[in-house]
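In: for reference, the sequence and a predicted model appear below.
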Amino acid sequence: MAPDTGSALSIRDLTVEFDTPAGVVRAADGVSYDVAAGETLGVVGETGSGKSVTALAALGLLSAGNVRRVTGQALLGGTDLLALPPAELRAVLGRDVAMIFQDPGTALNPVQRVGDQIAEALRVHDRALTAPAARARTVELLDEVGVPNPAGRYDAYPHQFSGGMCQRAVIAMAMANRPRVLIADEPTTALDVSVQAQILDVLRRAARETGAATVLITHDLGVVAETADRLCVMYGGRVVESGTVYDVFARPRHPYTAALLASLPRLDVRADRLTPIPGRPPDLIEAVPGCPFAPRCPVGHDRARCAQERPEPVVTGAGLSACHYPDEAGPPPRAAGPGRDAAAAAAGAADGGAGVQGMTPSRHGEPEKSGPRPDGSRAPDPDGRSAAGSGAAAPRGAPPDGGVALDVRDARKLFPVRTGVFARTSGYVHAVDGVSMRIPAGRTLGLVGESGCGKSTLARMLLRLVQPSGGELTVAGHDLVRANRGELRRIRQRVQMVYQDPFASLNPRLSVGDNVAEPLRLAGGFSRPQRRTRVLDLFDRVGLRPEHTDRYPAEFSGGQRQRVAIARALALRPRLLLLDEPVSALDVSVQAQVLNLLADLQHESGMAYLFVSHDLSVVRQVADEVAVMYLGRIVEAGPAERIYGNPRHPYTRALLDSVPAPDPAGRGTRRRAPLGGDVPSPADPPSGCRFRTRCPFAEERCAAEEPVLRDVDGGLTACHFAETLRGAAARAAGPVRDEVHS
Amino acid sequence: MYAYVIRRLLQFALVLFLGSLAVWAFVFALPGDPATVLTGPDAAPAELAATRERLGLDDSVVQQYVTWLGNAVTGDLGDSYFSAETVRSTLLDTVPATGQLAAFAMALTLLIGIPVGTVVALRPRSWAGRAADAYLTAGLAIPAFWLGLLLIIVFAVQLGALPAASDYVPLFSDPAGAVRATILPALAVAVHASSVLARFLAASLHEVMGRDYIRTARAKGVPERYVVRRHALRNAALPTVTVVGIQLGGFLGGTVVIEAVFNYPGLGRLLYTSIGERDYAVVQGGVLFVVAAFLCLNLLVDVLYAYLDPRIRLA
């Protein structure tokens, strides 16, 4: 592969090593890729695959003190950036090649005005530029990236910008000097899905207008499928496959790529079972003579060549593959759990009534279940006013053994807003504003919404980690609101929570075994040997090795730690598990393992799950019923099929439209109507329908009258126009209301 | 911002009030009363009673405090028990001297502490970094009074270059003389203070240099010295400002030991001698002044903090 003169940026055989206490880590190992002007190259890989390190090293931006060596070349139009002296490199950075970073909240200097930070990018490369000229140009740039009122926003500070706006500012900064290469490192990972769609749009425009070559580094296969021209898949510090995005998605030539694609939960259909990649990513400290993927590879079959001989990227089909057997790499056979799929399918069919109260349509002819109705005699809500829980509360067939694990009626949480000299309460943030839901034993309710919609507050309220401001909360038959300290302790043993970040939620000073045993110790009544037995049993159930109980959390990977956290949550055999973004900190391949584990555990124990997530594909995979939250209220709820297949609330539809599909086929024709703007402040929600400020269908009525959750097509929707917004027809025809709905 | 400052001002007033209560109560709580101290152990009962009468010690506790506070607010801190002067004039004699010493000491602290902290944070492995680090350790370990004695031995006794006992020479009347008189005690104070400051600054700067916005600035092509000056130092200064405020308050409170070592006519020495003489009126007035000065500086730090950090200013 001779350096291609047509490339704007060519990475050649780039190797990066770090010194760590455990040994030398080779984070990037002979990485090569090219990107041409006007082209978008997606660099995909999991945590530790070397995708970001490669880019940072190429630009000389690795700031860690333990960099051992960086070798290879980073050719920018024929100039090797790695060979440039610092002063000359600085002249290139920001002018010819610019970078966009992952977390817009921290990428901007908090004590400098946003506009000044953009102007600085202009002025360091053009000393002749006057301050007023730089300001004028910056305002233009802010306007180009879609910051409203750019002249006024110039003087704002980063904390006055939302995450999406910060990322727009960072993009403006990157395109300021019309660079030849734009490198975007996980530019949308920290953002909500609706904002992600906006930012990807801005990025596309920026690349088109500047004609820059774009390197888009991401772990999200949906994002690359949506935006990249070519793809470069990295694993264990190496490039394992590259090619055009269509080829790679249609016919992966490396088993890792194939396995990664197979492990993704999809938005359109619910798989019986995800196909995870077994094992864990390679430890980059041990030098592997052969293929780094060999231990997890479904097609290697322990062939000696894979373990001994390093596969070099070779031309295979239309792209490159670093596999000895690229033709065998196709989609791996779906792993069939013994008897589990059928059982799961059966359980799925025997649909219970997890979900928002009153979502149980009283409509006849619904697939009805038999089974006791422990709570079926409950009278309708006396005042049918409450938005989320308006109707009668007849549960559709709870499973025979379970009863109701969670019953929430009209839950509210107000956080006071304090202002002024005496910090008087001047208003309230309605974090959760009249939410009702119910989860029968053995069922999963998926709770989705953008950040700030109140979904995590609601989950915490169910453990009374946050004191509810109002409403009735019944957990496994116990009144949570009026429970005294002793009762609360007992209730908390029946409800357990699994948190988002397994790195922060385990006590690092306790061994993982002690972490898991802690609930048992606190509950009392278990002798030391009993605890030990129980911990070993739990380790076995969550797929951890029993001999690892004495190790400390730091020795485990993210996925394993989440298994430990799950084991801890299961220790007291809870009736309800609150899962607050349990897989969003995990890599895709590991995420599938954990989701499968959760499905198995639920099947075995009949626990109810409240699964809180911003990831609509993950919720699609796990949830029986789904509730969509917006600004503290549930705007739509119902069986997963109904929500995903026939969404009737414009917000649900917009969210679903925003999710990038991990399939580049037909992306040109896909209708995308990303939501504009940001979520309004929950301290001052819009009148009437809270979504109306971002709704493409809003009319006067929406501002005047708040829509109540009502029965629409087998689910609940809080929209005045739910009947006229019909799923498939309306989606294909764009934002045209179907007025002839019968 | 305004609400923030007003809230701070109210807090300031409340704490000052509580502080005055404590200062006043401390004398009240002492065994015996000022009258016994003042008249001496052999005083006749009548003399004692007259003194009590004169000092208002027969009034109720509340009455005494209100009177004292009212006087203090108008600047009347009573009379010294022993000298013929009022406490107010005694303080007025010493406070400027201490103020000047504190200013010198703070200037030296900043002049030494900021470069040392920056070098330690940015170039820990260079020879300058190692030297600075050694200075930090030594500066924290060496007691100020011992350093003061050492400085006197070297510069005054051996070299004869500077005076051993420092007089107060006002800066505005004789700048050179003021520097000569103040430099040694200021340095003795500043070595320790600058080590503390540098250590805080280095830790803060080190952390800030790892932040994402520093990488953003570098990716823009900003030269490293501007990365440090424009982006890193201001953010790193935030926690350091608090330390500087506390230290300056400490300097004003009288660097008691240093003033004693150098026989410098400041507030510290005054308090030191007054405590020895049991001149509680002076001690009371002096401590009240120190409390007020300390609180003022704290207020100033808060306002400065808000000025430096838009997240507080615009909250």
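Out: That came in fine, so what should we check first?

In: domain-wise, how is the chain divided?
Out: As the question left the chain open, I've gone with chain A. The record's domain split for chain A, according to automatic domain parsing, is A:7-108+A:161-328, A:639-733.

In: chain B, not that one
Out: According to automatic domain parsing, the ranges for chain B are B:2-73, B:87-209+B:237-313.

In: quickly, which of the domains of chain A bottoms out on average pLDDT?
Out: When the domains of chain A are compared by mean pLDDT, domain A:639-733 comes last with a mean of 81.

In: count the neighbours of the residue of the stretch 1-150 of chain B found nearest chain A for me.
Out: Nearest residue of the stretch 1-150 of chain B to chain A: B:Ile6, at 4.7 Å (C-beta to the nearest C-beta). From N, CA and C alone the C-beta is placed, and that goes for glycine too. Counted with other C-beta atoms under 10 Å in any protein chain shown, residues neighbouring B:Ile6 total 13.

In: elements contacting whichever helix or strand it is part of?
Out: Using DSSP states H and E, the element containing B:Ile6 is helix B:2-28. With contacts taken as 3 or more C-beta pairs under 8 Å, 6 or more residues apart in numbering or on different chains; DSSP states H and E, helix B:2-28 sits against helix B:61-73, helix B:280-308.

In: isn't B:Ile112 up against B:Ala198?
Out: Yes - counting by C-beta atoms under 8 Å, B:Ile112 sits close enough to B:Ala198 to count as a contact (7.4 Å).

In: with neighbour numbers in mind, choose between the two.
Out: Neighbour count, other C-beta under 10 Å: between B:Ile112 and B:Ala198, B:Ala198 has more, with 29 against 21.

In: what strand or helix carries the closest residue to that one other than its chain neighbours?
Out: Closest residue to B:Ala198 apart from its sequence neighbours, by C-beta to C-beta, 6 or more residues apart in numbering or on different chains: B:Gly117 at 3.6 Å. Assigned by DSSP H and E, B:Gly117 falls within helix B:87-122.

In: following that helix, which helix or strand shows up next?
Out: Heading C-terminal from helix B:87-122 (DSSP H and E), you reach helix B:127-141.

In: compute the inter-axis angle for that following helix and helix B:87-122.
Out: Comparing the axes of helix B:127-141 and helix B:87-122 via axes from the mean of the first three to the mean of the last three C-alpha atoms, to 10 degrees yields an angle of 140 degrees.

In: which residues does whichever helix or strand comes after helix B:127-141 contact?
Out: Next along the chain after helix B:127-141, taking DSSP H and E as the criterion, comes helix B:144-151. Under the criterion C-beta atoms under 8 Å, 6 or more residues apart in numbering or on different chains, residues B:184-185, B:187-189, B:191-192, B:255, B:257-258, B:260-262 lie in contact with helix B:144-151.

In: give the buried residues for helix B:144-151.
Out: Judged by neighbour count (16 or more other C-beta atoms under 10 Å in any protein chain shown), helix B:144-151 contains these buried residues: B:144-145, B:147-148, B:151.

In: pull the CA atoms of that helix into CSV?
Out: What follows is helix B:144-151, C-alpha atoms only, in CSV (Å, rounded to 0.1, in the frame of the first residue of the first chain):
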residue,chain,number,x,y,z
ALA,B,144,9.2,30.3,60.0
PHE,B,145,10.8,31.5,63.3
TRP,B,146,13.8,29.4,62.6
LEU,B,147,14.1,30.7,59.1
GLY,B,148,13.8,34.2,60.5
LEU,B,149,16.6,33.6,62.9
LEU,B,150,18.7,32.1,60.1
LEU,B,151,18.0,35.2,57.9
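
In: off-centre distance for it?
Out: Put simply, helix B:144-151 sits 19 Å off its chain's centre (C-alpha atoms, centre = their mean, to the nearest Å).

In: re earlier: TSV for the domains of chain A, including distance to B:Ala134?
Out: Output for the domains of chain A, formatted as TSV (distance: least, C-beta to C-beta, whole Å):
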stretch	distance to B:Ala134
domain A:7-108+A:161-328	20
domain A:639-733	52
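
In: and B:Leu16, how many neighbours?
Out: Number of residues near B:Leu16 (other C-beta under 10 Å) recorded here: 17.

In: how far away is it from B:Arg88?
Out: 18 Å (C-beta to C-beta, to the nearest Å).

In: find the closest residue to chain B in the stretch 601-742 of chain A.
Out: Proximity to chain B, evaluated over the stretch 601-742 of chain A using C-beta to the nearest C-beta, is greatest for A:Ala683 at 13.9 Å.

In: secondary structure element for the closest residue to that residue other than its chain neighbours?
Out: Distances taken as C-beta to C-beta, 6+ apart put A:Val429 closest to A:Ala683, at 4.6 Å, once the chain neighbours are dropped. Using DSSP H and E, A:Val429 sits within strand A:424-440.

In: mean confidence for that strand?
Out: Average pLDDT, strand A:424-440: 87.

In: now do it: distance to the chain's middle.
Out: Worked out by C-alpha atoms, centre = their mean, strand A:424-440 lies 24 Å from the chain centre.

In: next: stretch A:12-25.
Out: Distance, stretch centre to chain centre, for stretch A:12-25: 29 Å (C-alpha atoms, centre = their mean).

In: and for it, what's in contact with it?
Out: The contact list for stretch A:12-25 (C-beta under 8 Å, 6+ apart) reads A:3, A:26-32, A:50, A:53-54, A:57-58, A:62, A:64, A:66-75, A:284-285.

In: just to be sure, which of the residues you listed are found in helices?
Out: A:53-54, A:57-58 (DSSP state H).

In: hmm, back to that, ok, then the element right after the helix holding B:Ile6?
Out: Moving toward the C-terminus from helix B:2-28, the next helix or strand (DSSP H and E) is helix B:34-39.

In: other SSEs contacting that following helix?
Out: Under the contact criterion of 3+ C-beta pairs under 8 Å, 6+ apart, helix B:34-39 touches helix B:45-55, helix B:280-308.

In: most tightly surrounded among these?
Out: Highest mean neighbour count among the helices and strands packed on helix B:34-39 (mean count of other C-beta atoms under 10 Å in any protein chain shown): helix B:280-308, with a mean of 20.

In: any part of it near chain A?
Out: Yes - residues of helix B:280-308 contacting chain A under C-beta under 8 Å from any C-beta of the partner chain: B:Leu308.

In: other SSEs contacting that helix?
Out: helix B:2-28, helix B:34-39, helix B:87-122, helix B:233-252, helix B:267-277, helix B:310-313.

In: hey, C-alpha coordinates of the fifth one in PDB?
Out: Taking Å, rounded to 0.1, in the frame of the first residue of the first chain, the C-alpha atoms of helix B:267-277 are listed here in PDB:
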ATOM      1  CA  LEU B 267      -0.200  43.800  65.500                       C
ATOM      2  CA  GLY B 268       1.300  40.500  66.200                       C
ATOM      3  CA  ARG B 269       3.900  41.800  68.600                       C
ATOM      4  CA  LEU B 270       1.300  44.000  70.200                       C
ATOM      5  CA  LEU B 271      -1.000  41.000  70.900                       C
ATOM      6  CA  TYR B 272       1.900  39.000  72.100                       C
ATOM      7  CA  THR B 273       3.000  41.600  74.600                       C
ATOM      8  CA  SER B 274      -0.500  42.500  75.600                       C
ATOM      9  CA  ILE B 275      -1.300  38.900  76.400                       C
ATOM     10  CA  GLY B 276       1.800  38.700  78.500                       C
ATOM     11  CA  GLU B 277       0.700  41.900  80.300                       C
END
